[in-house]
Structures are given as structure tokens and as C-alpha cells.
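> Okay, structure incoming, though there's no sequence with it:
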């Protein structure tokens, strides 16, 4: 599976942004999809994931971010609202064959940079 993320940019605090990630292959619907982020000088962290069993979010984004997917378009989205400067990071989409997101993903996409100014 190849993953192509897009939609990052420079926004102000309180703004919204939607990230997209398009996956190659015809088995997209079989994968659990997720988003991670990595801020400068920090480790990569889990943000959100979606699978047949439901959705899950990091505490830091719960209630502000929404993950969704369109299997017909092989695309997963991350809708980010009420953005804060601490949301500034490179955002990566990822795929797993199983929805056990405490383990590393099977596939990574390239990052898309989100910068939130105060």
C-alpha cells in the first residue's frame, strides 16, 4: 500500500484544516487507517485511527479532530477544528492490517506539514 497525504498548510489558531490521504491498491477497505504527527524535537505520536471496529483519538485532539474515510475513493480524512499552536507538526497517514494501533503501522505515507500560528 502506498499512501499520499496532502492538505497541510499555515493557519491561525482557531482555524480549521482538512488533511487527505489517498491509498493505492484495491484492498483499501480491508485496512485500518490512522494519522500520526511529529512536532519538531518530539517523537511521533498517534492522533487518530478508523477501522471496522470504530474510531479512536488521542486525548489531545478528542472533540476537535474527526477522522473519516471514503472507501470508494481510497481516501482517509482528518478534519481538524479549533487548531492550536501545539498542533503544529508534520502529519503522517498510516495503514495497518489490524486495528491494534499500539503497534507500529504496516505502511507509512509521507508527511504533510501543518503550522498553526498564535
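Yes, it's here. Values in this document were obtained by computation on a predicted structure and should not be read as measured data. Residues are numbered from 1 along each chain as shown.

> could you pull out the strands for the chain?
Counting by DSSP state E, the chain has strands at residues 3-6, 9-12, 17-23, 32-38, 45-51, 54-57, 65-70, 75-80, 89-96, 107-117.

> Could you export those as CSV, including mean pLDDT and mean neighbour count?
Placement of C-beta: from N, CA and C, glycine included. Shown next, in CSV, are those (pLDDT from 0 to 100; neighbours: other C-beta atoms under 10 Å):
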stretch, mean pLDDT, mean neighbour count
strand 3-6, 96, 18
strand 9-12, 98, 13
strand 17-23, 97, 20
strand 32-38, 97, 23
strand 45-51, 97, 21
strand 54-57, 96, 14
strand 65-70, 97, 17
strand 75-80, 98, 22
strand 89-96, 97, 23
strand 107-117, 96, 17
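
> Could you find the closest non-adjacent residue to the most centrally placed residue in the chain?
Taking C-alpha atoms, centre = their mean, the centroid of the chain lies closest to residue 35, which sits 2.5 Å from it. Once flanking residues are discounted, residue 35 sits nearest to residue 47: 4.3 Å by C-beta to C-beta, 6 or more residues apart in numbering.
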